[in-house]
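Q: 3D, please:
(one chain, ligands or ions: 1)
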Amino acid sequence: MKKFQNYIDGKWCDSSSQQTFENRNPANKNELLGTFPKSTKEDVEKAVQSAKKSFESWRLTPAPKRGDILRKVGDILTQRKEELAKIMTKEMGKVLLETRGDVQEGIDTAYYAATEGRRLFGHTVPSELNNKFNMSIRTPIGVCGLITPWNFPLAIPTWKMFPALLCGNTVVFKPAMQTPETATRFVEILIEAGIPNGVVNLIHGAGSEIGNAIVEHNDVEVISFTGSTEVGKKISKSAADTLKRVSLELGGKNAQIVMDDADLDLALDGVLWGAFGTTGQRCTATSRLILHEKIHDKFLEMLLTRVKKLRLGDGLLSTTDVGPCVSESQRNTVHQYVEIGKKEGANLLIGGEFATEGELDNGWFYKPTIFTNVTPNMRIAKEEIFGPVLSVIKTSNVFEAIQILNNTIYGLSSSIYTKNINDAFAAMRDIKAGIVYINAPTIGAEAHMPFGGVKQTGNGHREGGWTVFDFYSEWKTIYVDYSGNFQRAQIDS
Ligand code: NAD
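A: I've put the predicted structure just below:
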């Protein structure tokens, strides 16, 4: 059994409490993957002070040089892709095809950030006065606390860490307790690539203890959090006391609309991937299917045939389509929602129970589930379930479909399948979501595009793409007066 440590100020170390927690394989609860430090506030203090000290030299390292280190990180991630994918599958259950994709997203993010080291553009703008030069430049901010979930154990940390480092900030990284080995391997790779001591600090442990201590710390200037809306709200409140900059990427209740003119085979592949990929445990998962009444029955028949064929199992096996839920409590939450759906009067078409046949009994498996006759105001149509449960709602036209899609507190991803250009453009305009896909599933973000949601999915920031560099840098406006005269803006021009 492997024993893992924290990484603070360039050294691997145990928690000051000497306490540890276990991590187990959700596909086989008897498999203990390792023990990890259960860190304390004291450990947070050490990690923050280490990041604060190293900020003074890292901020002065030229951005292209910082980018060079990230390029090496991308190279090592490429070499170790298969190994990392397997670790991730064992830790959180999704199938190898998807964990390989998770690593690839990290690789893409590394190379994108590396090239940004030679850009990080500012602006030069004409002055209103003679012999005066105006510019605005990006400056590093300081220590960033990065708090991440388990469902994209590598990709999400890279979305946060690479732009934070590229912009010249230092980092205290607290990964989810379900995926601590992936986080540890990631930090090992940063070290191998040459990240200086203290620039990246890793601490394992419970969010309510050390996550909150990071958020409340006076010397942490930035918090980037991805996780549930419930915890996001708590973080927003605690961070208000020190007025730190906070990015929140939270829950979703995404829908796919299928119109009567859609390519149904294409839409079918889309909904299967969107609803049951990663066992429905993606922030962008398709949780609702809004079907035009003219194709409703036919499409459901096609869907049912395919869902019956989905094979549950260990994500390491090439025969597996759907892995387990991440934990016993996550599976219980899913089941509670199924009970709620039944009580609300929805029709349980398939699934709705634990999968316990043979080896499946060792893990937290749940049968792919579909509810039909769902109405827009049912809880299963509005609340995030985060499991393999799809709620099907009937509609008669595109405007009603969009209204149903928008009928939730969330606004992350969305999708519409149609060949009608007018309907597609109406959807692009009227859907309230950070991401809209036309003729593609709700899944499929690319590393170089902005990622994030509206309403209670977030607080207006975006990860990925060019926009993330605004979050991790501070604009400084500089005026250089080379006239030798006393000049007054708004008065002497
Ligand atoms: P979670 O909110 O339970 O935990 C996320 C992280 O926050 C973990 O590291 C956890 O230890 C930490 N944490 C918990 N309580 C804390 C506290 N009081 N203070 C500080 N940190 C705390 O979420 P999860 O179960 O790991 O992930 C699933 C959720 O994440 C879903 O709601 C999903 O939609 C969301 N998610 C959103 C996105 C997005 O980009 N919008 C991406 C992936 C996941």
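Q: now do the SS call for residue 391.
A: strand (DSSP: H, G, I helix; E, B strand; the rest coil).
Q: what does the stretch 101-250 of the chain put close to the ligand?
A: Applying C-beta under 6 Å from any ligand atom, we find that the stretch 101-250 of the chain lies next to the ligand at 147-152, 174, 176-177, 207-208, 211-212, 215, 226-228, 231, 234-235, 249-250. Bear in mind the C-beta positions are built from the backbone N, C-alpha and C, glycine included.
Q: give me that answer again for 5 Å
A: Proximity of the stretch 101-250 of the chain to the ligand (C-beta under 5 Å from any ligand atom) is limited to residues 147, 149-150, 176, 207-208, 211-212, 226-228, 231, 234, 249.
Q: I would like the residues contacting stretch 393-402, please.
A: Stretch 393-402 has contacts (C-beta atoms under 8 Å, 6 or more residues apart in numbering) with 257, 259, 288-293, 296, 374-376, 381, 404, 416, 418, 420, 423, 426-427, 430-431.
Q: number of residues surrounding whichever residue of the stretch 51-200 of the chain sits closest to the ligand?
A: Distance from the ligand to each residue of the stretch 51-200 of the chain (C-beta to the nearest ligand atom) is smallest for residue 149, at 3.2 Å. Residue 149 has 24 neighbours, counted by other C-beta atoms under 10 Å.
Q: can you pull the pLDDT of it?
A: pLDDT, residue 149: 98.
Q: the closest residue to residue 311 other than its chain neighbours: neighbouring residues, count only.
A: In space, and not counting its chain neighbours, residue 311 is closest to residue 321: 4.9 Å by C-beta to C-beta, 6 or more residues apart in numbering. By other C-beta under 10 Å, 19 other residues sit near residue 321.
Q: do the one 10 residues further on as well
A: The number of residues packed around residue 331, counting by other C-beta under 10 Å, is 21.
Q: doesn't it fall inside a helix?
A: Yes. Under three-state DSSP, residue 331 sits within a helix.
Q: before we move on, back to that, quick check, the residue of the stretch 51-200 of the chain closest to the ligand in contact with residue 176.
A: Yes. At 5.2 Å, residue 149 counts as touching residue 176 under the criterion of C-beta atoms under 8 Å.
Q: elements contacting whichever helix in the chain runs longest?
A: Assignment by DSSP state H gives helix 96-116 as the longest helix of the chain. Helix 96-116 sits against helix 63-79, helix 81-92, helix 155-166, with contacts defined as 3 or more C-beta pairs under 8 Å, 6 or more residues apart in numbering; DSSP states H and E.
Q: what residues does it touch?
A: 63, 67-68, 70-71, 73-74, 77-78, 81-82, 84-86, 88-89, 94, 152-155, 157-159, 162-163, 165-166, 186, 277-278, 315-316, 318, 446-448, 464, 466, 469.
Q: which of the residues of the stretch 101-250 of the chain next to the ligand ranks first by neighbour count?
A: For those, the largest number of neighbours (other C-beta under 10 Å) sits with residue 249, at 27 neighbours.
Q: all helices of the stretch 251-400 of the chain, in order?
A: 264-276, 296-309, 328-344, 379-382, 398-405 (DSSP state H, counting those that start in this stretch).
Q: if we compare those, which one ends up closest to the ligand?
A: The nearest among the helices of the stretch 251-400 of the chain, by C-beta to the nearest ligand atom, is helix 328-344 at 7.5 Å.
Q: average pLDDT for the closest one?
A: 98.
Q: stretch 70-77 too?
A: Mean predicted lDDT for stretch 70-77 stands at 98.
Q: can you give me the buried ones in that stretch?
A: Using 16 or more other C-beta atoms under 10 Å as the test for burial, stretch 70-77 gives 70, 72-77.
Q: distance to the ligand for those - can I get that in CSV?
A: CSV is the format used below for the buried residues of stretch 70-77 (distance: C-beta to the nearest ligand atom, whole Å):
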residue, distance to the ligand
70, 21
72, 27
73, 21
74, 21
75, 26
76, 24
77, 20
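Q: ok, the closest residue to residue 310 other than its chain neighbours to residue 430 distance?
A: With C-beta to C-beta, 6+ apart as the criterion, residue 310 has its nearest non-adjacent residue at 4.6 Å, and that residue is residue 321. Distance, residue 321 to residue 430, by C-beta to C-beta, to the nearest Å: 34 Å.
Q: one step back: what residues are shared contacts of residue 149 and residue 176?
A: Counting by C-beta under 8 Å, 6+ apart, the residues touching both residue 149 and residue 176 are residue 227.
Q: residue contacts, the most centrally placed residue in the chain?
A: In the chain, the centroid-proximal residue (C-alpha atoms, centre = their mean) is residue 156; its distance is 4.8 Å. The contact partners of residue 156, by C-beta under 8 Å, 6+ apart, come to 148-149, 226.
Q: over to residue 459?
A: 232, 236, 246-248.
Q: residue 247 falls within a strand, correct?
A: Yes. Counting by three-state DSSP, residue 247 falls inside a strand.
Q: isn't it up against residue 461?
A: Yes. Using C-beta under 8 Å, residue 247 makes contact with residue 461 at a distance of 4.0 Å.
Q: what do those two both touch?
A: Counting by C-beta under 8 Å, 6+ apart, the residues touching both residue 247 and residue 461 are residue 471.
Q: more neighbours: those two, which one.
A: residue 247 (23 against 18).
Q: identify the bridge partners of that one.
A: Counting by DSSP bridges, residue 247 is bridged to residue 224.
Q: can you pull the pLDDT of it?
A: 98.
Q: repeat that for residue 35.
A: On the pLDDT scale, residue 35 gets 98.
Q: helix or strand for residue 416, which one?
A: Residue 416 belongs to strand 414-417 when elements are defined using DSSP states H and E.
Q: in that strand, which residues are buried?
A: 414-417.
Q: residue 406 and the ligand, how far apart?
A: 17 Å (C-beta to the nearest ligand atom, to the nearest Å).
Q: ok, now residue 437?
A: Taken as C-beta to the nearest ligand atom, the span from residue 437 to the ligand is 16 Å.
Q: check contacts around that residue.
A: 413-416, 444.
Q: before we move on, back to that, can you dump the C-alpha coordinates of the strand holding residue 416 into PDB?
A: Only the C-alpha atoms of strand 414-417 are listed here, as PDB (Å, rounded to 0.1, in the frame of the first residue of the first chain):
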ATOM      1  CA  SER A 414     -26.600  23.300 -23.700                       C
ATOM      2  CA  SER A 415     -27.200  21.600 -27.100                       C
ATOM      3  CA  ILE A 416     -29.700  21.600 -29.900                       C
ATOM      4  CA  TYR A 417     -30.000  19.200 -32.800                       C
END
